[in-house]
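**Student:** quick one, structure for this:
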Amino acid sequence: MKINIPAHLLEQIQAHGENAYPYEGAGLMLGKEEEGKRTVENLLFLENAREEKNQHNRYLITAEDMLQGEKEAARQNASILGIFHSHPDHPNFPSEYDREFAIPWYSYLITSVNSAKASGSRCWRLEDNRESFSEEIIQVIPNK
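**Tutor:** This is a model prediction of the structure:
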């Protein structure tokens, strides 16, 4: 499994995580999947709707946010490919909480943000049996 993302969009995701620090930042990745190849074309940045006392290690995307994402994706003739979020002062692999609330079809791009500086991103997809994640290779598309 592989997900293609332009360098400038990955930079925006990482900057979003830095700006949200010490809380988790989140949003949606919009794009297309053709012949099993996912390509992120746009991002939808969202406010973390989780109560403030828990935003340091949890994010919440509301049903209204998802509806907004579906509408925006349709407007762009695209789909929601997945969700990106940051892990403040924590590694960029999914937590048990992430697994419990993940959807198998989506890609989950997680950026580790240590002391307000992004230190790397990895992408994951939940297995159909919902027991674990498999890592997706991030193919960064150079900026033109």
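
**Student:** and the contacts of the helix or strand bottoming out on mean pLDDT in the chain?
**Tutor:** Every helix and strand of the chain was ranked by mean pLDDT, DSSP states H and E. The lowest is helix 96-101, at a mean of 93. For helix 96-101, the external contacting residues (Cβ atoms under 8 Å, 6 or more residues apart in numbering) are 58, 108, 110, 126, 130, 132-133. (C-beta placed from N, C-alpha, C; glycine too.)

**Student:** do stretch 63-73 as well
**Tutor:** Stretch 63-73 has contacts (Cβ under 8 Å, 6+ apart) with 28, 30, 42, 44, 46, 49, 79-80.

**Student:** widest-spaced pair of those?
**Tutor:** Ala49 and Ser79 (22.2 Å; Cβ to Cβ).

**Student:** thought Ala116 was touching Ala15, still the case?
**Tutor:** No - applying Cβ atoms under 8 Å, one finds Ala15 not in contact with Ala116, separated by 11.0 Å.

**Student:** comparing Ala49 and Ser79, which shows the higher neighbour count?
**Tutor:** Each of Ala49 and Ser79 has its neighbours counted (other Cβ atoms under 10 Å); Ser79 has more, 18 against 13.

**Student:** so the residue nearest to the more buried one when sequence neighbours are not counted versus Arg130, what's the distance?
**Tutor:** In space, and not counting its chain neighbours, Ser79 is closest to Ala73: 5.4 Å by Cβ to Cβ, 6 or more residues apart in numbering. According to Cβ to Cβ, to the nearest Å, Ala73 and Arg130 sit 24 Å apart.
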